[in-house]
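here's my sequence, what's the structure:
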Amino acid sequence: NSLTIIKMSEPTSRDETKPCCIGSTNKEYVSIGKLINVDDDLIAYTHGSVGTKAVVVISDIYGINMGGTRKFCDKLAESGFYVIMPDLFHGNPWEENKALDSAFMSWLDLFPTEKTKSDLQKVIGFLSLKGITSKGVIGFCWGGKVVFESIAADDFKVGVTLHGSFVTEELAKSVNCPVMVLDSLNEPDRKDLLEILSKKEFSKEIVYKRFGNMAHGWTIRGDTSIKEVKEAIDEAYDLTESYLKRYL
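Numbering: from 1, shown residues only. Model (predicted):
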């Protein structure tokens, strides 16, 4: 068995314990979805017609109000999915301009795996009540870790990570469905992780690509006035949409 590697290049890794994602916040983007209450303790950004297929989107550390992330959600919704992006930080995302030497990991510890999983179970229950039976999950940056945690269970048919952080070999061992990993120049070396994924019975359905000329966060923060960046943003989106449609 062999997974699909579109492009593998040597990384220039960053420190994942520091805040990330330089570039535009896309504040000018006017989102076309809406905020809803999943329950009394959890809100989410949603867009799209309710059918049988849904994509759960896990934001980066800056939360659900960032323009680039909402734009990505809206495009997926316009392509035919019901898209829901829960506020897993409960109104307390990392502040955009906070000093890089702030206690980032202490803040991140406020949102342990158990809490995130509990929130996602609320989302899954919400979707089930709407009759949605086919679900995928995608995540940006920190959300990449959440994707790998989420696809260890049977709740999702497919996962995608975009410049994922804290995506470990240990998490890869429990992956239970096809996953596509789209990395920037700055993500860690993935050779060991890909070796683990290559042993899955569905390994031929796993896809990896490193965008070796793009910086961490490019899919939602890249400068679209630069032709090369715009093309890489569009390619990552197109790969994501087509991969999700293959399994949902």
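
what ranges do the strands span in the protein?
Here the chain has its strands, by DSSP state E, at 4-7, 34-39, 42-47, 53-58, 82-86, 134-140, 158-162, 179-184, 207-211.

please convert the ones you listed to CSV, extending it with mean neighbour count.
In short, each C-beta sits where N, CA and C put it, glycine included. Formatted as CSV, the strands of the chain follow (neighbours: other CB atoms under 10 Å):
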stretch, mean neighbour count
strand 4-7, 12
strand 34-39, 12
strand 42-47, 20
strand 53-58, 26
strand 82-86, 25
strand 134-140, 26
strand 158-162, 28
strand 179-184, 27
strand 207-211, 21
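
distance to Gly125 and mean pLDDT added to these, as JSON lines?
Putting those into JSON lines (distance: least, CB to CB, whole Å; pLDDT from 0 to 100) gives the following:
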{"stretch": "strand 4-7", "distance to Gly125": "33", "mean pLDDT": "70"}
{"stretch": "strand 34-39", "distance to Gly125": "9", "mean pLDDT": "96"}
{"stretch": "strand 42-47", "distance to Gly125": "11", "mean pLDDT": "98"}
{"stretch": "strand 53-58", "distance to Gly125": "12", "mean pLDDT": "98"}
{"stretch": "strand 82-86", "distance to Gly125": "12", "mean pLDDT": "98"}
{"stretch": "strand 134-140", "distance to Gly125": "12", "mean pLDDT": "98"}
{"stretch": "strand 158-162", "distance to Gly125": "19", "mean pLDDT": "98"}
{"stretch": "strand 179-184", "distance to Gly125": "23", "mean pLDDT": "97"}
{"stretch": "strand 207-211", "distance to Gly125": "30", "mean pLDDT": "96"}
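
how about the contacts made by Glu169?
Contacts here follow CB atoms under 8 Å, 6 or more residues apart in numbering; on that basis Glu169 touches 192-193, 196.

just send the strands of the chain back as JSON lines, with distance to Cys73 too.
Output for these, formatted as JSON lines (distance: least, CB to CB, whole Å):
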{"stretch": "strand 4-7", "distance to Cys73": "24"}
{"stretch": "strand 34-39", "distance to Cys73": "11"}
{"stretch": "strand 42-47", "distance to Cys73": "6"}
{"stretch": "strand 53-58", "distance to Cys73": "5"}
{"stretch": "strand 82-86", "distance to Cys73": "5"}
{"stretch": "strand 134-140", "distance to Cys73": "9"}
{"stretch": "strand 158-162", "distance to Cys73": "12"}
{"stretch": "strand 179-184", "distance to Cys73": "16"}
{"stretch": "strand 207-211", "distance to Cys73": "20"}
